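# From the sequence below, what's the structure:
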Amino acid sequence: MNDWLLDAFPGDAELQLPDVVIRLVAALLLGAVVGTIYRVTRPRPAAGRADLTQTLLLLAVVIAMITLAIGSNVARAFSLVGALAIVRFRSVVDDPRDTAFVILAVAVGLAVGAGFLVVPLVGLPIAAVVALGFAARARGRDADPVPCRVVVRVDPDRDPVGLFEIVAAALPNARLERAGTAKKGTLVELVYTARLADPAAGAALVRRLRGEPGVAAVDLVCRPQS
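Numbering: from 1, shown residues only. Model prediction:
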């Protein structure tokens, strides 16, 4: 290699090419393991799953490269923190469990880049077992009733007792959570809570309530437990 090129990149002398190749390939393989664990334990629509899986794979390699470049130089580490602090991303990871996989990929890349292969080799099986356990628990809850809120806005002159009877007939475990005014006092807002196992029953309830005299709006909001 020409002397002028060596002088331009003096840091390359601190790294051995075989070590760099081995560590980056190891980061790629272990990043693929992280992506596989994610695909198995976090089922979701194919497009979203593929995007984050690719991100996990690339993230492990990128973090390994960054760790190799920093080495044991504290000044480089602080410079990197300052440089990355100005980076902003448009997409946000909306699920805490997805965030955990992102951190796992970062940890794998960091360990491999620093030359600690045993750490991810021991940590990944443990993380896989934990993720599989939570995935099995989540699948077991899929058939369970989910907590729902039925929000009904009615004219002030409408008797709310009849509406509650309709809600209770469709959802036997329903109860009135809150009653108040809406639309600057022109409507009464009734909020019922219940656990709903059949989405068709919820849709039928909304249609039934919407057809009642004096009912201005009906909203059904269900939030499956994470």
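# a strand runs through residue 172, doesn't it?
No. Residue 172: not assigned to a strand; according to DSSP: H, G, I helix; E, B strand; the rest coil it is coil.
# On the pLDDT front, check it for me.
On pLDDT, residue 172 comes in at 74.
# what about it, neighbour count?
Residues lying near residue 172 (other Cβ atoms under 10 Å) number 9. For glycine as for every other residue, the C-beta is placed from the backbone atoms N, C-alpha and C.
# Roughly how far does it sit from residue 32?
Distance, residue 172 to residue 32, using Cβ to Cβ, to the nearest Å: 49 Å.
# just residue 218 next, same as before
According to Cβ to Cβ, residue 218 and residue 32 sit 48 Å apart.
# When those two are compared, which one has more neighbours?
Neighbour totals were compared for residue 218 and residue 32, and residue 218 leads with 20 against 14 (other Cβ under 10 Å).
# give the contact list for the more buried one.
150, 151, 152, 153, 206, 209, 210 (Cβ atoms under 8 Å, 6 or more residues apart in numbering).
# Looking at those residues, which are in helices?
206, 209, 210 (DSSP state H).
# any idea which of the residues you listed has the most stuff around it?
residue 209 (21 neighbours).
# beta partners of the nearest residue to it once chain neighbours are set aside?
Nearest residue to residue 209, sequence neighbours excluded (Cβ to Cβ, 6 or more residues apart in numbering): residue 218, at 4.6 Å. Counting by DSSP bridges, residue 218 is bridged to residue 152.
# So for residue 218, what pLDDT did the model give?
On the pLDDT scale, residue 218 gets 88.
# So it versus residue 171, what's the distance?
13 Å.
# Mutual contacts of those two, please.
residue 150.
# per-domain residue ranges of this protein.
Per automatic domain parsing, the domain ranges recorded for the chain read 3-140, 146-222.
# residue boundaries of the helices in the chain?
3-8, 17-41, 46-70, 74-84, 96-113, 118-140, 160-170, 199-210.
# per-residue confidence averaged over the first one?
The average pLDDT for helix 3-8 rounds to 56.
# For residue 182, state which of the contacts of residue 218 is nearest.
Nearest to residue 182 out of the contacts of residue 218 is residue 153 (Cβ to Cβ; 5.5 Å).
# list the contacts for that closest one?
By Cβ under 8 Å, 6+ apart, residue 153 lies in contact with 182, 183, 187, 188, 189, 190, 215, 216, 217, 218.
# ok so, going back, worst average pLDDT in the domains of the chain?
Averaging pLDDT over each of the domains of the chain puts domain 3-140 lowest, since it has a mean of 78.
# what's around the nearest residue to residue 59 once chain neighbours are set aside, how many residues?
Spatially, and ignoring its direct neighbours in sequence, residue 59 is nearest to residue 105 (4.4 Å; Cβ to Cβ, 6+ apart). By the measure other Cβ under 10 Å, the count of residues near residue 105 is 27.
# roughly how far apart are residue 105 and residue 186?
Between residue 105 and residue 186 the computed distance is 53 Å (Cβ to Cβ).
# Ok, residue 36 next?
56 Å.
# So between those two, which is more surrounded?
Counted by other Cβ under 10 Å, residue 36 and residue 186 do not tie: residue 36 has more neighbours, with 15 against 11.
# ok, so of the ones in helices among the contacts of residue 218, who is nearest residue 64?
Comparing these against residue 64 with Cβ to Cβ places residue 206 closest, at 52.2 Å.
# May I have the residues that are in contact with the closest one?
Counting by Cβ under 8 Å, 6+ apart, residue 206 makes contact with 218, 220.
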